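Q: Any chance you could fold what I've pasted below:
(chains A and B)
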Protein chains: 2
Amino acid sequence: MAYFLGIDLGGTNIKAGIVETGGKLINKLSIKTNADRPMEEIIRDMGNLALDVIKDAGLSVSDVEAIGIGSPGTPDNEAGVLVYSNNLPFNMAPMRALIREVVDLPVYIDNDANCAAMAEAVAGAAKGTKDSVTITLGTGVGAGVIVNGRIYSGFNQAGSEFGHTVLVSGGVQCSCGRKGCFEAYSSASALIRMTREAAEANPDSVLNKLIEENGKVSGKTAFQAMRMGDKAGAGVVDMYTDYLADGLANAINAFMPEVLVIGGGVCNEGDPLLIPLQEKTMSRPYFGPGVRKTSIRIAEMGNDAGIVGAAMMGKSCVDDGIDGKACSL
Amino acid sequence: MAYFLGIDLGGTNIKAGIVETGGKLINKLSIKTNADRPMEEIIRDMGNLALDVIKDAGLSVSDVEAIGIGSPGTPDNEAGVLVYSNNLPFNMAPMRALIREVVDLPVYIDNDANCAAMAEAVAGAAKGTKDSVTITLGTGVGAGVIVNGRIYSGFNQAGSEFGHTVLVSGGVQCSCGRKGCFEAYSSASALIRMTREAAEANPDSVLNKLIEENGKVSGKTAFQAMRMGDKAGAGVVDMYTDYLADGLANAINAFMPEVLVIGGGVCNEGDPLLIPLQEKTMSRPYFGPGVRKTSIRIAEMGNDAGIVGAAMMGKSCVDDGIDGKACSL
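A: Predicted structure coming up:
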């Protein structure tokens, strides 16, 4: 059995685990990121966490084939460098070189949304397929594209920014600077905005009652109100699923994957979200006669997606003979 | 020197040519498609045209490595079948088997937009790059995506239908059934629609004078009026390039190619189209700090794109060891 080590680098926590060839997670450990430290300290802690998780699994360094790191931002896997990250103090960070000062293993780096897609493709909702797309609906809309079992990285190595394709030309201002992005209409933040607007427009609705009770608007508010028979709540869900379905149909027409995986907290709403969403989405793509249709599925890897995907990204790099020791910085 | 034969199957003409390894076209011949005939006759003529073009180049069949066919519609290159074509009488057409009855060579089939992208990637505007996207602005909007030097075919084998991603949710009705597609705002047909609407809204504009003189609205009318100082014409060009730039920026954010190639008759307008288009497009994609930027270029392969791309698609299949003799129908 070959083992791969995955590190999921986040703004709050750094998680690491040992993963078997087929994507099975053996163990995992987690430490705080403390993102306001110098990057060298954070990276050294990542290396030490890797050593700890190897020991915790009852293995030694030589049992592990490679370390894969999933990070927010823009990786340069060829140079072994994290070019830039929005939420972390990394700017041309020589991650491969610094990790290798602590653990002498090949090190590979990719974007966290890409790693989540890899996890679903190897061991989750898109297992057994060669071409899949995973869309994560969170504060933003993340997208990872798997082509022929490999992460599609594009020329910039960060992969698809499908969340920043315009769905409503000239529409709502997006954080990226464009107007009307998929993310601005389909993220959890967008759902909250739509809910707030509907509450303001319908002061007698259940929406307002729930917002008062909970002290805030959340991604659950509209669904909760809808379940209580509230028309304004149902209207928000209808509008949100309309935009989301348009964006998912766009992803299908752009990439024609075998499986389109959707993840993120909003997927916990279950059938009240999924049934209309699947109906709306599948009625929109452009399928000629005889063309095989994409399946839409819910993400299965949950909180382990980052670790498993990073490890399996590392495995794919080893399989492809990519140099995990080179550092051009 | 290895030679590959490319066949460009169109609704009006069938074109064939011999192409060298590097993408250089040696010779070409063309016959009428006469698309109202039974498919067997059309395919037999394609085989005979292949024999003619080999002879015309002073070669024999054994000098040619493979035949690549670019066709409208949905190919199944594994089965050797053209699953469906909108404009031709092909429905589960056993193209590989029937061609091979005439010429004993490996036969490969792909979509014509994909082949055009392959031609630009091997010998045209995206030469020397691994990842490129070619968008053709014609009656519709065709898209071909090249990933790592190979056509991206997706699960359905037809590749990206990027022209049918929604740019204006709930917008203009598209021929595909969706509303607000990129194609409905950026094809030559869309430009003609916008020109007609502007002429109606501005009865005293130069647009109307030109339409009367030419007896029709064309994709050139608005540009011509703009050059004559017409405000309504300039307004159409501004609106058209705005939507087109949004769609091109979407293609960049979706695929992050090294080069985005645009082709089609409207590109003949030159700088009055290209300068605002490049400015608008490059101001919109989502590039974090340190990220390499996509270049936008004009297609270079012209009318030979179909032949050269089909031949080079065949070459890539040979290089990948794909079976060009199997037929599962």
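
Q: distance of the residue lying farthest from the centre of chain A from chain B?
A: Within chain A, A:D204 marks the point farthest from the mean C-alpha position, 37.2 Å out by Cα atoms, centre = their mean. To chain B, A:D204 is 28 Å away according to Cβ to the nearest Cβ, to the nearest Å. (Glycine included, C-beta is placed from N, CA and C.)

Q: which residues touch stretch A:301-314?
A: A:4-8, A:10, A:15-19, A:23, A:25, A:28, A:65-70, A:106-108, A:110, A:112, A:114-120, A:122-125, A:151, A:263, A:299, A:324 (Cβ atoms under 8 Å, 6 or more residues apart in numbering or on different chains).

Q: which among those residues end up buried?
A: Among these, the ones that count as buried by 16 or more other Cβ atoms under 10 Å in any protein chain shown are A:4-8, A:10, A:15-19, A:23, A:25, A:28, A:65-70, A:106-108, A:110, A:112, A:114-120, A:122-125, A:151, A:263, A:299, A:324.

Q: follow-up on the earlier one: which of the contacts of stretch A:301-314 fall within strands?
A: Residues of the contacts of stretch A:301-314 located in strands (DSSP state E): A:4-8, A:15-19, A:25, A:28, A:65-70, A:107-108, A:110, A:151, A:263.

Q: Tell me how many other residues surround A:D104.
A: A:D104 has 11 neighbours, counted by other Cβ atoms under 10 Å in any protein chain shown.

Q: Make sure it is actually in contact with A:S62.
A: No - counting by Cβ atoms under 8 Å, A:D104 does not reach A:S62; the two are 9.3 Å apart.

Q: picking that back up, does the residue farthest from the centre of chain A sit in a helix or strand, and which one?
A: Using DSSP states H and E, A:D204 falls within no helix or strand.

Q: tell me the contacts of it?
A: Not one residue lies near A:D204 by Cβ under 8 Å, 6+ apart.

Q: And it, what's its pLDDT?
A: Here the pLDDT value assigned to A:D204 is 96.

Q: next one: phi and psi at it?
A: Dihedral pair for A:D204: phi -90, psi 0, per degrees, to the nearest 10.

Q: Likewise for the one 5 residues further on?
A: The main-chain torsion angles of A:K209 are listed as degrees, to the nearest 10 and equal phi -60, psi -50.

Q: How many neighbouring residues does it have?
A: A:K209, neighbours per other Cβ under 10 Å, totals 14.

Q: Tell me where the model's unsure across the stretch 51-200 of chain A.
A: Regions of the stretch 51-200 of chain A meeting the criterion pLDDT under 70 are absent.

Q: what's near enough to touch whatever residue of it ends up closest to chain B?
A: Going by Cβ to the nearest Cβ, chain B is nearest to A:G154 of the stretch 51-200 of chain A, at 2.8 Å. Contacts for A:G154 were tallied using Cβ under 8 Å, 6+ apart; they are A:S160, B:D131, B:F255, B:M256, B:P257.

Q: Export the residues you listed as TSV, with columns for secondary structure, distance to B:S218 and neighbour count.
A: As requested, those are arranged in TSV below (DSSP: H, G, I helix; E, B strand; the rest coil; distance: Cβ to Cβ, whole Å; neighbours: other Cβ atoms under 10 Å in any protein chain shown):
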residue	secondary structure	distance to B:S218	neighbour count
A:S160	coil	36	28
B:D131	coil	34	23
B:F255	helix	31	29
B:M256	coil	35	28
B:P257	coil	30	26
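
Q: Closest one to A:V145 out of those residues, please.
A: The closest of these to A:V145 turns out to be A:S160 (Cβ to Cβ; 4.9 Å).

Q: Now that that closest one has come up, it's in contact with A:Y152, right?
A: Yes - the pair A:S160 and A:Y152 qualifies as a contact (Cβ under 8 Å) at a distance of 6.6 Å.

Q: Mind listing the shared neighbours of those two?
A: Common contacts of A:S160 and A:Y152, defined by Cβ under 8 Å, 6+ apart, comprise A:V145.

Q: and stretch A:71-82, anywhere near chain B?
A: Yes - contact of stretch A:71-82 with chain B (Cβ under 8 Å from any Cβ of the partner chain) involves A:G73, A:T74.

Q: residues in contact with that stretch?
A: Residues from elsewhere that reach stretch A:71-82, judged by Cβ under 8 Å, 6+ apart: A:9-11, A:83-88, A:90, A:92-97, A:107-112, A:153, A:156-158, A:317, A:322, A:324, A:326-329, B:288, B:290-291.

Q: do the same with stretch A:206-219
A: Contact partners of stretch A:206-219, identified using Cβ under 8 Å, 6+ apart, comprise A:188, A:191-192, A:195-196, A:198-199, A:202, A:221-222, A:224-225, A:228-230, A:232-233, A:236, A:265-266.

Q: picking up where we left off before, and the residue of the stretch 51-200 of chain A closest to chain B, helix, strand or coil?
A: Look at A:G154: counting by DSSP: H, G, I helix; E, B strand; the rest coil, its state is coil.

Q: in the stretch 101-250 of chain A, which spans are strands?
A: Listed in chain order, the strands of the stretch 101-250 of chain A (DSSP state E, counting those that start in this stretch) span A:107-111, A:132-137, A:141-147, A:150-151.

Q: So which residue is smack in the middle of chain A?
A: Taking Cα atoms, centre = their mean, the centroid of chain A lies closest to A:A113, which sits 3.4 Å from it.

Q: bridging residues for the nearest residue to it once chain neighbours are set aside?
A: Nearest non-adjacent residue to A:A113, counting by Cβ to Cβ, 6 or more residues apart in numbering or on different chains: A:G142, 3.6 Å away. Each beta-bridge partner of A:G142 is listed here, defined by DSSP bridges: A:T136.

Q: how close does A:G142 get to B:K15?
A: Remark: distance between A:G142 and B:K15 (Cβ to Cβ, to the nearest Å) = 44 Å.

Q: can you check A:A225 too?
A: A:A225 is 61 Å from B:K15, by Cβ to Cβ.

Q: next one: A:A125
A: Applying Cβ to Cβ to A:A125 and B:K15 gives a distance of 44 Å.

Q: go on, A:V318?
A: According to Cβ to Cβ, A:V318 and B:K15 sit 45 Å apart.

Q: next one: A:N48
A: Separation of A:N48 from B:K15 (Cβ to Cβ): 64 Å.

Q: just A:D36 next, same as before
A: Separation of A:D36 from B:K15 (Cβ to Cβ): 64 Å.

Q: returning to what we had before: can you pick out the ones from the contacts of stretch A:206-219 that are in helices?
A: Using DSSP state H, the members of the contacts of stretch A:206-219 that fall within helices are A:188, A:191-192, A:195-196, A:198-199, A:221-222, A:224-225, A:232-233, A:236.

Q: what does the stretch 101-250 of chain A put close to chain B?
A: Looking at chain B, the residues of the stretch 101-250 of chain A close enough under Cβ under 8 Å from any Cβ are A:129-131, A:147, A:152-156, A:158-162, A:164-169, A:171, A:176-178, A:185, A:242-243, A:246, A:249-250.

Q: what's near enough to touch A:A158?
A: Neighbouring residues of A:A158 by Cβ under 8 Å, 6+ apart: A:G73, A:T74, A:P75, A:N111, A:N114, B:M256, B:G288, B:V291.

Q: what about 6 Å?
A: A:T74, A:N111 (Cβ atoms under 6 Å, 6 or more residues apart in numbering or on different chains).

Q: now swap in the one 3 residues further on and tell me
A: For A:E161, the set of contacting residues under the criterion of Cβ under 6 Å, 6+ apart consists of B:N253, B:Y286.

Q: Need phi/psi at it.
A: Torsion angles, degrees, to the nearest 10, at A:E161: phi -110, psi 60.

Q: Quick check: the gap between it and A:V236.
A: Distance, A:E161 to A:V236, using Cβ to Cβ: 27 Å.

Q: same question, A:S316
A: Distance of A:S316 to A:V236, computed by Cβ to Cβ: 40 Å.

Q: Which residue of the two possesses the greater neighbour count?
A: Between A:S316 and A:V236, A:V236 has the larger neighbour count (other Cβ under 10 Å), namely 27 against 21.
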